[in-house]
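K.L.:
next one to model:
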Amino acid sequence: MNTRGTWVDHEGVLQAAPAPRFSDAPDWQPAASPDRGQHSADILAELGLNKD
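P.N.:
Residues are numbered from 1 along each chain as shown. Down below sits the predicted model:
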């Protein structure tokens, strides 16, 4: 399907792989998607708010 490694299937979503790709570099895989609300507390704290 993808001889040049141009596309990566990650969690059922087809994504473009980063460029340039070098022959001696390991295959790239994107990080897992965060769960909904996983970073909410961090974002609120950065804004100076609390969870309530």
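K.L.:
average pLDDT for stretch 18-27?
P.N.:
Across stretch 18-27, pLDDT averages out at 74.
K.L.:
return that stretch as PDB; C-alpha atoms alone will do.
P.N.:
Output of stretch 18-27 as PDB, limited to C-alpha atoms (Å, rounded to 0.1, in the frame of the first residue of the first chain):
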ATOM      1  CA  PRO A  18       6.900  13.500   8.500                       C
ATOM      2  CA  ALA A  19       9.400  14.500   5.800                       C
ATOM      3  CA  PRO A  20      12.200  14.200   5.000                       C
ATOM      4  CA  ARG A  21      12.600  10.500   5.700                       C
ATOM      5  CA  PHE A  22      16.100   9.100   5.900                       C
ATOM      6  CA  SER A  23      17.000   5.500   5.100                       C
ATOM      7  CA  ASP A  24      18.800   4.900   8.400                       C
ATOM      8  CA  ALA A  25      16.200   6.500  10.600                       C
ATOM      9  CA  PRO A  26      13.700   4.300  12.500                       C
ATOM     10  CA  ASP A  27      10.100   4.200  11.300                       C
END
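K.L.:
and the residue sitting furthest away from the middle of the chain, how far is that from Ala41?
P.N.:
Distance from the centre of the chain peaks at Asp52, with 29.0 Å (C-alpha atoms, centre = their mean). Separation of Asp52 from Ala41 (C-beta to C-beta, to the nearest Å) stands at 11 Å. Yep, even glycine has a C-beta here, placed from its N, CA and C like the rest.
K.L.:
and what of Ser33?
P.N.:
For Ser33, the distance to Ala41 equals 18 Å [C-beta to C-beta].
K.L.:
and the helix or strand bottoming out on mean pLDDT in the chain, what other elements does it pack with?
P.N.:
Least confident helix or strand, the chain: strand 7-10 with a mean of 82, by mean pLDDT, DSSP states H and E. If contacts are counted by 3 or more C-beta pairs under 8 Å, 6 or more residues apart in numbering; DSSP states H and E, strand 7-10 sits against strand 13-16.
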